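Q: Coordinates for the following, if possible.
(chains A and B)
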Amino acid sequence: MSIQTALELVLAAVVLGLAAWAVAARETSAAVVGFIAYGLLIALVWVALGAVDVALAEAAIGGGLGGVLLLSAGARLRENEKRAAAERPGAGARLAAAALSAMVAAGLAVAVLRLPTPAPTLAPQAAANAAATGMGNPITNVLMAFRAMDTLLEKFVLLLGLVGVWSLAADRLWGGNPGPRHQADPLGLLAFLARLLAPIGVVVGIYVVWTGADHPGGAFQGGTVLAAMWLLTMMAGLTDTPPVSSLRLRLVLVAGPGVFLVVGLAGLLFGAAFLSYPAAYAKPLIVAIEVAMTLTVAATLTLLSAGAPEQRLER
Amino acid sequence: MSGAVVFGMCGVAVVGLGLYSLITNPHPLRKIIAFNLVGSGAFLIFGAVARRSATTAFSGDPAPRALVITGIVVAFSATALAVALLLRLFDAAGSATLGADAQSSTADDASGR
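A: Next up, the predicted model:
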């Protein structure tokens, strides 16, 4: 057994252990912490699988934004713990669930082990057509050009998710700021960290977007880093969420899918098909979409983490 | 044994663990975490499948990886929506459980807010 395989086995075992902890921990807060650690280590697994782009996305969302979302929800639901524990199913039901889960896992295991060899792959085609966009990162090419439709629809899913979250506001709070107003000591450690980290994080986020053309990175990953920085300043009490009735905010939220859709329709009018880029302008068009998408992703993910409007609109 | 097999099996086991927790854990927030585990395991299986075609020239198939990035973002927005629904239910009803008797008591409280 090579050293690499041994390291992979250890990593897989630790990841499995953390997943089991997130399932079995008695306290919800402990389970959430286990799940955050799992999200961070899963990013290492993606590096080991040679997918650094995915690792960046997983670390930023699984370890960062998802952690903030679940931790704050867990803290607010603490009183709910006992009541929910009373509904724990009996031993028979748990045994049946375990049997069902084991059967599903066994079926999946057989499917994974019996995959055809040689494995089918689109990597040579992606590399051969990279010249059409002028970008060297095959994953960015797939996301922004070869399968641009998926990415466009995903933007709409994000927007719909946010509309769903906002629509949960009580009537009297509609139009107000999402989430509770965070109070923190203005001279405390959190405020200090937010002041120190946010400018660096913003530069890192923009760099990750820009470098995504040729190296691991891209609009999602960079947007998520920007969202994390915005959330940090909010949690430190330095800024507040913008009110959901703000026109400027809404323009930012529709900028990404809007620019994407306009470019796509232009392809239908002047080019070969919906979302076809003319070869001479492919890269500038894609960069324009990515810039708009980064702003939208950052704003949408931040507000999704902040939740439904909970502060009354000040008139 | 290659990394694709090791982490593919790891993904399979995570799906199994998550499914068990989704069914048996009564706390709604724990069910949301469990659902995320199932999704994460499915992404891992995808990543293992993408890795199988790795050669010296390519580190793997970019198409499944791009799909996973899209999937991670969509899973996060679904999680945020689920958490928001749960918090709203808890605020309106004072408790958030999925039991049969819980639903009748929440119905009259929810209209008052």
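Q: next SSE after the lowest-mean-pLDDT helix or strand in chain A?
A: Lowest by mean pLDDT, DSSP states H and E among the helices and strands of chain A is helix A:80-85, with a mean of 78. Following helix A:80-85 in sequence order, the next helix or strand is helix A:91-113 (DSSP states H and E).
Q: What are the contacting residues of that following helix?
A: By Cβ atoms under 8 Å, 6 or more residues apart in numbering or on different chains, the surrounding residues in contact with helix A:91-113 are A:89, B:5, B:8-9, B:11-13, B:15-17, B:19-20, B:23-24, B:45, B:48-49. Yep, even glycine has a C-beta here, placed from its N, CA and C like the rest.
Q: can we see that at 10 Å?
A: With contacts defined as Cβ atoms under 10 Å, 6 or more residues apart in numbering or on different chains, helix A:91-113 is touched by A:88-89, B:4-5, B:7-9, B:11-25, B:38, B:41-42, B:45, B:48-49, B:52.
Q: where does the closest residue to residue B:46 other than its chain neighbours land on pLDDT?
A: Nearest-residue entry for residue B:46: residue B:64, 4.8 Å, with adjacent residues in sequence omitted and distances by Cβ to Cβ, 6 or more residues apart in numbering or on different chains. Residue B:64 carries a pLDDT value of 90.
Q: And for residue B:93?
A: On pLDDT, residue B:93 comes in at 81.
Q: Point out where chain B drops to low pLDDT.
A: For chain B, the stretches with pLDDT under 70 are B:1, B:99-113.
Q: list the contacts for the residue nearest to the spatial centre of it?
A: The C-alpha lying nearest the average C-alpha coordinate of chain B belongs to residue B:36 (Cα atoms, centre = their mean; 1.8 Å). Residue B:36 is in contact with A:22, A:35, A:38-39, A:62, A:66, A:70, B:18, B:22, B:75-76, B:78-79, B:82, counting by Cβ under 10 Å, 6+ apart.
Q: Let me know the secondary structure of it.
A: Following DSSP: H, G, I helix; E, B strand; the rest coil, the label given to residue B:36 is helix.
Q: Buried residues in stretch B:15-32, which are they?
A: For stretch B:15-32, the neighbour count (16 or more other Cβ atoms under 10 Å in any protein chain shown) marks B:15-32 as buried.
Q: re the thing from before, what about the residue nearest to the centre of chain B, distance to residue A:173?
A: Taking Cβ to Cβ, to the nearest Å as the measure, residue B:36 falls 28 Å from residue A:173.
Q: before we move on, what about residue A:120?
A: According to Cβ to Cβ, residue A:120 stands 52 Å off from residue A:173.
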